[in-house]
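1. have a look at this fold, sequence not included:
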Ligand SMILES: Nc1ncnc2c1ncn2[C@@H]1O[C@H](COP(=O)(O)OP(=O)(O)OP(=O)(O)O)[C@@H](O)[C@H]1O
């Protein structure tokens, strides 16, 4: 379970997150959507202990990320692609992560298989396509068999087959009781798989709840997005 409560973040004298609160529950896929610059990545970085909030708290299973005893076994994440060094192979990268986190070596081949990279053998990550990099990032997120997944724009660079595949994977993870939080600047994209939606714009959460509730009264998902995120004067 993920809980964000009253999070404020200031950057260069400007509030980029203003009292952000929402939750992501087990057994559900929660879509975190908003236009470019709305504050999605800033929120996820605080949730994953990469940045500190100026106020409020962000908890994973009731604890701040930095206090988790086995972070990769509790929450798998993907921000900014795979994070692997260009000169490494996918297997080397995952084996290194597994070693540093007390994860059994057998998991490396299991996740490579799961994300469709089992055949990449000796290929260096620097030669990977954007989509392969996304798959490797996902493999790293799944490595520790975490109950919670936090993914920033996971479908970037994936072809339609890849997009369908990742949706199936996230759905299955939630159906098995896991918690899934995924961000996107495309609400239609997320609406295909999400149970709950959190809409953020200019650092504020403007709607949150089951998808049917958030989109009620609007003709389409796209219309909901524009109505909730465009400044009033622009409408
Ligand atoms: N390191 C930084 N220093 C200063 N400002 C930053 C920094 N990182 C982000 N910001 C600002 O914080 C605001 C929120 O950015 P953030 O990356 O969280 O948005 P986002 O919703 O993830 O957008 P995108 O979809 O473009 O990734 C933006 O105005 C951005 O310019």
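-> That came in fine, so what should we check first? Please read all numbers here as calculations on a predicted model, not as lab measurements.
2. okay, CA-based contacts and neighbour counts for the rest of this
-> OK.
3. how many neighbours does residue 147 have?
-> Neighbour count of residue 147, defined by other C-alpha atoms under 10 Å: 22.
4. for the nearest residue to it once chain neighbours are set aside, phi and psi?
-> Distances taken as C-alpha to C-alpha, 6 or more residues apart in numbering place residue 178 nearest to residue 147, at 4.8 Å, with adjacent residues excluded. For residue 178, the backbone dihedrals are phi -80, psi 170 (criterion: degrees, to the nearest 10).
5. from now on call the first residue 337
-> Okay, residue one is now 337; in that scheme the one you just asked about reads as residue 514.
6. and residue 514, what is it in contact with?
-> 362-364, 483-485 (C-alpha atoms under 8 Å, 6 or more residues apart in numbering).
7. from the residues you listed, which land in strands?
-> Of the contacts of residue 514, the ones assigned to strands by DSSP state E are 364, 484-485.
8. where do the helices sit along the chain?
-> 376-383, 407-410, 426-436, 442-450, 466-478, 496-511, 523-527, 547-551, 557-565 (DSSP state H).
9. reformat the ones in strands among the contacts of residue 514 as CSV; add neighbour count.
-> Formatted as CSV, the ones in strands among the contacts of residue 514 follow (neighbours: other C-alpha atoms under 10 Å):
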residue, neighbour count
364, 24
484, 29
485, 26
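10. which one of the residues you listed is nearest to the ligand?
-> The shortest approach to the ligand among the ones in strands among the contacts of residue 514 belongs to residue 485, at 17.0 Å (C-alpha to the nearest ligand atom).
11. residue 409 is in contact with the closest one, correct?
-> No - shown here, residue 485 and residue 409 do not form a contact pair, counting by C-alpha atoms under 8 Å, at 10.4 Å.
12. quick one: distance of the helix or strand bottoming out on mean pLDDT in the chain to the chain centre.
-> Using mean pLDDT, DSSP states H and E, the weakest-scoring helix or strand in the chain turns out to be helix 523-527, at a mean of 88. Its chain's C-alpha centre and that of helix 523-527 lie 14 Å apart, by C-alpha atoms, centre = their mean, to the nearest Å.
13. hmm, it in reach of the ligand?
-> No - Helix 523-527 stays clear of the ligand (C-alpha under 6 Å from any ligand atom), getting no nearer than 11.6 Å.
14. okay, buried residues for that helix please.
-> 523-527 (16 or more other C-alpha atoms under 10 Å).
15. now swap in stretch 450-466 and tell me
-> 451, 453, 460-461, 464.
16. tell me the contacts of the residue positioned nearest the centre of the chain?
-> Central residue of the chain (C-alpha atoms, centre = their mean): residue 487, 1.6 Å from the mean position. For residue 487, the contact set (C-alpha under 8 Å, 6+ apart) comprises 413-415, 516-519.
17. and the protein, which residues reach the ligand?
-> 347, 352, 370-378, 521.
18. now list the buried members of those.
-> The buried subset of those - by 16+ other C-alpha under 10 Å - is 352, 370-371, 374-378, 521.
19. can you tell me how far the residue nearest to residue 502 when sequence neighbours are not counted sits from residue 556?
-> Excluding its sequence neighbours, the residue lying closest to residue 502 (C-alpha to C-alpha, 6+ apart) is residue 491, at 7.5 Å. Using C-alpha to C-alpha, to the nearest Å, we find residue 491 at a distance of 21 Å from residue 556.
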